[in-house]
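1. sequence isn't available, so here's the structure alone:
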């Protein structure tokens, strides 16, 4: 099956057949992921809601935390065909046919370090599902990991590049290339690094036709994207605190939908019949999330000001955001650069019953002596002192032994030498037999670490563009 591209359909005579009610002109954007590894059943209720409502609709997946892309670059280095979202098929497969059949565009940064690879896998998936190949556009221009990119970054990060082993670099691109791809007929737009709210702003630009300097409307849709970008956080997930901020049916929390209007305002809601909640309080918390300056929330597309924003409860699970103001976009784009950062090793062992805490502390001292004084070890007594502990162990040293009967000792170390990581894992494992008494449930892990630095790159030095994948 091959349907007309969703944004081409908006310009056709089919527009007059849309529901003639107060929502004419509204664009629905739903977010089915707030990060890589998010729930795989989140998209289905959103797509069902889109189909039922029959309005122009876009489904986004926001898969990239800051380090996610750097690890994707490492994966691509090992296997040139990888480097995109590892759960791509599981995310998109259950809803791809319906999205194509009903003209629901898909926009996502699940391309990560390899948008081309992600697009090719989606083309193959469509064929496997019995669909005709969809029109897929990829956005390019964010990856600065090649020699040209390193040359561009060298005068901006001279010290960091001299001291560290370079892994990758990506610049945060914006919404306009996403909009251009949709207007050109893309049914799916695959990006690498773009600013999270741009995944929503791009479809809004394509739908409403806003000019590049319509700062207030661009800012309004940007903040709608900010509300959606973390998935279920705005529908009660990160809000929930039993007895203080109760949220119904959190196990089946619905992921958010924004109803975007031509003036840049939005209504935040969720699919009917799902758990969670959308309230003034959930929206306020997410609106302020990761905002350092409410007068200047800087994105590649616009600088948003929420100091005069108004939030209004319209009904159950329907909250409107208005009054966002916008200012001229910045002349630079943020680049994140990653370097090899050595290794992280973690090992855990449990002690239970009478005197468990004393035995766990003895195990801690044994490991300390065996590892020597040339490494800094982090100790946590889970069940006694962990979240509020410190890397130096000062707080553990200041607390007296109590009658804890269920303690899990965690030891962690960061080191450039993998051999020292392996030594720690062996030392904790050997506690099983070498004492103290009653230890068990040993679990160990190690992984490569990355360090990062950021800088601002002149916008004109890193142009973005879209192209269709055959």
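-> Noted; the coordinates are in hand. Just so it is clear, the structure is predicted and the values come from calculations on it, not from any experiment.

2. partner strands of the helix or strand encompassing residue 28, parallel or antiparallel?
-> Under the criterion of DSSP states H and E, residue 28 resides in strand 27-31. As defined by DSSP bridges, the strand partners of strand 27-31 come to strand 57-61 (parallel), strand 257-260 (antiparallel).

3. which other residues reach the helix or strand that it is followed by?
-> Per DSSP H and E, the first helix or strand lying C-terminal to strand 27-31 is helix 43-53. Identification of contacts with helix 43-53 by CB atoms under 8 Å, 6 or more residues apart in numbering yields 19, 23, 28, 30-33, 57, 59, 61, 91-92, 94-95, 98-99, 102, 104, 254-255, 257, 271-274. C-beta: built from backbone N, CA, C; applies to glycine.

4. cutoff 7 Å now
-> Here helix 43-53 makes contact (CB atoms under 7 Å, 6 or more residues apart in numbering) with 28, 30, 32, 57, 59, 91, 94-95, 98-99, 102, 104, 254-255, 257, 271-272, 274.

5. quick one: the closest residue to residue 66 other than its chain neighbours from residue 455, how far?
-> Spatial nearest neighbour of residue 66, excluding adjacent residues (CB to CB, 6 or more residues apart in numbering): residue 336 at 6.1 Å. In this structure, residue 336 lies at 9 Å from residue 455, with CB to CB, to the nearest Å as the measure.

6. strands of the stretch 151-300 of the chain, start to end?
-> 166-171, 188-190, 257-260, 266-269, 297-298 (DSSP state E, counting those that start in this stretch).

7. for residue 421, which of those strands is the nearest?
-> Within the strands of the stretch 151-300 of the chain, the stretch nearest residue 421 is strand 166-171; the backing value is 18.7 Å (CB to CB).

8. ok, now which ones touch residue 104?
-> Per CB under 7 Å, 6+ apart, neighbours of residue 104: 6, 47, 50, 57, 58, 59.

9. got those residues as CSV, with distance to residue 224 and neighbour count columns?
-> What follows is the contacts of residue 104, written out as CSV (distance: CB to CB, whole Å; neighbours: other CB atoms under 10 Å):
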residue, distance to residue 224, neighbour count
6, 18, 25
47, 19, 23
50, 16, 25
57, 14, 24
58, 12, 29
59, 15, 27
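
10. farthest-apart pair in the residues you listed, please.
-> Using CB to CB, those span at most 13.0 Å, a distance reached by 6 and 47.

11. got the contact list for the strand holding residue 28?
-> With contact meaning CB under 7 Å, 6+ apart, strand 27-31 is reached by 46, 50, 53, 55-60, 62, 200, 203-204, 207, 228-229, 231, 255-260.

12. filter those to the buried ones?
-> Buried members of those, counted by 16 or more other CB atoms under 10 Å: 46, 50, 53, 55-60, 62, 200, 203-204, 207, 228-229, 231, 255-260.

13. look up how far residue 33 lies from residue 288.
-> 22 Å.

14. name the residue in the two with the higher neighbour count.
-> Each of residue 288 and residue 33 has its neighbours counted (other CB atoms under 10 Å); residue 33 has more, 28 against 11.

15. quick one: residue 111 and residue 192 touch, right?
-> Yes. With contact defined as CB atoms under 7 Å, residue 111 counts as touching residue 192 (5.1 Å).

16. can you show me the helices along the stretch 151-300 of the chain?
-> Remark: helices assigned in the stretch 151-300 of the chain by DSSP state H, counting those that start in this stretch are 158-163, 176-183, 198-208, 215-228, 280-288.

17. what does the fourth one contact?
-> If I follow you right, that is helix 215-228. Residues from elsewhere that reach helix 215-228, judged by CB under 7 Å, 6+ apart: 29, 31, 196-201, 204, 210, 234, 256, 258, 260, 263-266, 268, 283, 286-287, 299, 301-302, 304-306, 321, 324-328.

18. so where do the helices sit in the stretch 1-150 of the chain?
-> Going by DSSP H, counting those that start in this stretch, the stretch 1-150 of the chain shows helices at 6-9, 43-53, 66-78, 88-101, 115-128, 147-153.

19. low-scoring pLDDT stretches of this protein, where are they?
-> Along the chain, the parts satisfying pLDDT under 70 run over 1-5, 7-24, 385-390, 392-398, 400-402.

20. domains of this structure?
-> Annotated domains of the chain cover 6-143+172-330, 337-454 [automatic domain parsing].

21. to residue 152, which of those lies closest?
-> With CB to CB as the measure, domain 337-454 is the member of the domains of the chain nearest residue 152 (10.7 Å).

22. okay, how far is it across the closest one, tip to tip?
-> End-to-end span of domain 337-454 (CA to CA, to the nearest Å): 6 Å.

23. run a quick neighbour tally on residue 353.
-> The tally of other residues near residue 353 (other CB under 10 Å) stands at 11.

24. residues near residue 230, how many?
-> Using other CB under 10 Å, residue 230 has 22 neighbouring residues.

25. give me phi/psi at it?
-> Taking degrees, to the nearest 10, you get phi -100, psi 20 for the backbone angles of residue 230.

26. what's near enough to touch it?
-> Residue 230 makes contact with 34, 286, 289 under the criterion CB under 7 Å, 6+ apart.

27. mind running it again at 6 Å?
-> Shown in contact with residue 230 (CB atoms under 6 Å, 6 or more residues apart in numbering): residue 34.

28. roughly how far apart are it and residue 282?
-> Residue 230 is 11 Å from residue 282, by CB to CB.

29. hey, which of the strands of the stretch 151-300 of the chain is tucked in deepest?
-> Highest mean neighbour count of those: strand 188-190, a mean of 30 (counted as mean count of other CB atoms under 10 Å).

30. run through who's touching it.
-> 106, 107, 111, 115, 118, 119, 134, 136, 137, 138, 178, 181.

31. mind listing what residue 57 touches?
-> Per CB under 6 Å, 6+ apart, neighbours of residue 57: 28, 50, 104.

32. Throw these into a markdown table and include distance to residue 215, thanks.
-> Shown next, in a markdown table, are the contacts of residue 57 (distance: CB to CB, whole Å):
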| residue | distance to residue 215 |
| --- | --- |
| 28 | 24 |
| 50 | 29 |
| 104 | 29 |
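
33. ok, so of these, who is nearest residue 391?
-> Nearest to residue 391, judged by CB to CB, of the contacts of residue 57 is residue 28 at 46.1 Å.
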